[in-house]
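K.L.:
Fold the following, please.
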Amino acid sequence: MAARRSPLQARHAVQLAACFALAWGAFRAERAEPPAVHTLSQRLLPAPGAATGPLALGGAAPLAPGLASVEVIVRRNDTLDAIFRRLQLSLSDLAKLRSQGTIRPALDRLMPGETLRFQHRDGSLYGLQRDISLTERLDVRRASTGLRADIVARPIERRATLTHGVIQASLFEDGAAAGLGDPTILELARIFGWDIDFVLDLRDGDEFVVHYERIYQDGHFLQDGDILAARFVNQGREHQAVRFRLPDGRTRYFTPDGRSMEKAFLRAPLEFRRISSRFSLGRYHPILNRIRAHKGVDYAAPSGTPVRAAGDGTVRYRGWRGGYGNVIELQHGGGITTVYGHLSRFAAAAASGRAVRQGEIIGYVGMTGLATGPHLHYEYRVNGQFRNPATVQLPEARPIEPELRGAFLLQTAPHLQALAPALVPQPTVAASMAPSAPASR
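P.N.:
Residues are numbered from 1 along each chain as shown. Modelled structure (predicted):
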């Protein structure tokens, strides 16, 4: 049983919960729509014969004299057609580009917030660059034969790095102090989330060591890459995880002896702000004004927060049920049933009788039925018997297959060896080691 928390520790837990909700929302949400003014820069190059030399844009080839260069931030629901019209560019040029079928997906699937770079003169398109991914760029240039489009490689370098941190304020504050970006901190919490409750279990003095990649391009740091291995000491108990790439290309995290870090069920099926009501056989009902057993856990969260399937299963019931309001019941293997109540609405994919995967969105937080505020009422039943979702022993996920054991040990040994140095007293970022081979998420 965990020790009673001091007021300072309790404050840290509240801070972490708030930071976790805000950061996760920022990490998963679409980037906000930029302002109506889209032109970040517009540069008119000198006419032929001028003394000033040509200007290169973003590492691309130098622009021809007399061209205007403009950068456009894509708005939500923007299309190239709309952008061409705003810039008064030739729609005929756009049609010619789209006729090159191999690059059409790179033209039509725009993302809000990304930047497109145009070069034009008198309404004619002379150049267009769009970063398709971290490693590829679409480059359009006008040649003597017309517009030419190429997919240009953007080489990146992955450098394996070791960092260490001590919990003194919160996972986010101390992770950032150790040099980790928010997405990496969230991934660290996800990896150990089946074993550590980062809202209730974290203590001052807990430690973590993370062996992870940092991604560089043209010598400049871009972003954090994958976590290769990690160690977390929580209340004196050590947890270790290492990444393994499966033959189908997926990556998962395992303990050094090959047990999955994941469980067959999520401990909490949503990102919540606080637990508003715990599992209890003697809870006072705030609406019915009487003692009534509360055979689940209530997770307070804003209306519309996605609710996910706690485990692989089948939608046994979806609809209205009295005090539950809008409710979904999932049937899992081993006689396990999970229940999700007070939903504002259902996800279209969660139809009755349909199979769902762990983590798939099945509905959204609301306050339908007997509810005083937006929250998810979550139940976990085994053969019809109610169990406390916060403390029930969750079934283990499948370990490494015997036939993959040799490959697992060979692939993970260098990453685990990187965790071998003793924990140091202060957060530091170690010097970068040799670059590791690129790996997809």
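
K.L.:
mind checking which helix or strand of this protein has the lowest mean pLDDT?
P.N.:
Among the helical and strand segments of the chain, the one scoring lowest on mean pLDDT, DSSP states H and E is strand 39-44, with a mean of 34.

K.L.:
Toward the C-terminus, what is the element adjacent to it?
P.N.:
strand 68-73 (DSSP states H and E).

K.L.:
Show me what the helix or strand that that next one is followed by is packed against.
P.N.:
Moving toward the C-terminus from strand 68-73, the next helix or strand (DSSP H and E) is helix 80-86. In terms of contact count using 3 or more C-beta pairs under 8 Å, 6 or more residues apart in numbering; DSSP states H and E, helix 80-86 is assigned the packing partners helix 91-98. Where C-beta positions appear, they are placed from N, C-alpha and C, glycine not excepted.

K.L.:
Asp150: how many residues sit nearby?
P.N.:
Neighbour count of Asp150, defined by other C-beta atoms under 10 Å: 11.

K.L.:
Was I right to think it contacts Glu136?
P.N.:
No - with the criterion set as C-beta atoms under 8 Å, Asp150 and Glu136 do not qualify as a contacting pair; they are 10.3 Å apart.

K.L.:
quick one: low-confidence parts of the stretch 301-441 of the chain?
P.N.:
In the prediction, the stretch 301-441 of the chain carries residues with pLDDT under 70 at positions 421-441.

K.L.:
Can you show me the helices along the protein?
P.N.:
For the chain, applying DSSP state H gives helices covering 7-28, 80-86, 91-98, 104-108, 171-177, 182-192, 405-418.

K.L.:
Just list the residues touching the closest residue to Ala300 other than its chain neighbours, thanks.
P.N.:
Of all residues beyond its chain neighbours, the one nearest Ala300 is Ser276 (4.1 Å), with distances taken as C-beta to C-beta, 6 or more residues apart in numbering. Contacts for Ser276 (C-beta atoms under 8 Å, 6 or more residues apart in numbering) come out as Asp298, Tyr299, Ala300, Gly373, His375.

K.L.:
could you measure Ser276 against Leu376, distance?
P.N.:
Note on Ser276: its distance to Leu376, by C-beta to C-beta, to the nearest Å, is 10 Å.

K.L.:
Leu97 too?
P.N.:
Taking C-beta to C-beta as the measure, Leu97 falls 47 Å from Leu376.

K.L.:
neighbour count winner among the two?
P.N.:
Taking Leu97 and Leu376 together and counting by other C-beta under 10 Å, Leu376 has the greater number of neighbours (26 against 22).

K.L.:
and the more buried one, what does it touch?
P.N.:
Listed by C-beta under 8 Å, 6+ apart, the contact partners of Leu376 are 269-270, 272, 298-299, 301, 305, 307, 340-343, 365.

K.L.:
What's the local residue count around the nearest residue to Gly127 once chain neighbours are set aside?
P.N.:
With C-beta to C-beta, 6+ apart as the measure, Gln119 is the residue that lies nearest to Gly127, at 3.5 Å, once sequence neighbours are left out. A count of neighbours around Gln119, defined by other C-beta under 10 Å, yields 24.

K.L.:
partners of Gln119 in the sheet?
P.N.:
Following DSSP bridges, Gln119 is listed with bridge partners Ser69, Gly127.

K.L.:
Surely it touches Tyr126?
P.N.:
Yes - counting by C-beta under 8 Å, Tyr126 is a contact partner of Gln119 at 4.6 Å.

K.L.:
Roughly how far does Glu379 sit from Val392?
P.N.:
Counting by C-beta to C-beta, the gap from Glu379 to Val392 is 11 Å.

K.L.:
More neighbours: which of these two?
P.N.:
Neighbour count, other C-beta under 10 Å: between Glu379 and Val392, Glu379 has more, with 21 against 16.

K.L.:
Between its first and last residues, how far does stretch 197-212 reach?
P.N.:
With C-alpha to C-alpha, to the nearest Å as the measure, stretch 197-212 spans 22 Å from end to end.

K.L.:
How about the contacts made by Tyr212?
P.N.:
Ala160, Thr161, Thr163, Leu180, Thr184, Asp224, Gly225, Asp226, Ile227, Leu228, Ala230.

K.L.:
As TSV, these with pLDDT would be great.
P.N.:
Output for these, formatted as TSV (pLDDT from 0 to 100):
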residue	pLDDT
Ala160	95
Thr161	95
Thr163	95
Leu180	95
Thr184	96
Asp224	95
Gly225	95
Asp226	95
Ile227	97
Leu228	97
Ala230	97
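
K.L.:
would you turn those residues into a markdown table with neighbour count and distance to Lys263?
P.N.:
What follows is those, written out as a markdown table (neighbours: other C-beta atoms under 10 Å; distance: C-beta to C-beta, whole Å):
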| residue | neighbour count | distance to Lys263 |
| --- | --- | --- |
| Ala160 | 21 | 28 |
| Thr161 | 22 | 29 |
| Thr163 | 21 | 27 |
| Leu180 | 26 | 24 |
| Thr184 | 24 | 22 |
| Asp224 | 20 | 25 |
| Gly225 | 23 | 26 |
| Asp226 | 20 | 21 |
| Ile227 | 22 | 19 |
| Leu228 | 25 | 22 |
| Ala230 | 25 | 17 |
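
K.L.:
Filter those down to just the ones in strands.
P.N.:
Cross-referencing those against strands under DSSP state E gives Ala160, Thr161, Thr163, Asp224, Gly225, Asp226, Ile227, Leu228, Ala230.

K.L.:
any idea how far Arg381 lies from Ile400?
P.N.:
The separation that Arg381 has from Ile400, given C-beta to C-beta, amounts to 30 Å.

K.L.:
Could you do Thr145 as well?
P.N.:
Distance from Thr145 to Ile400, counting by C-beta to C-beta: 55 Å.
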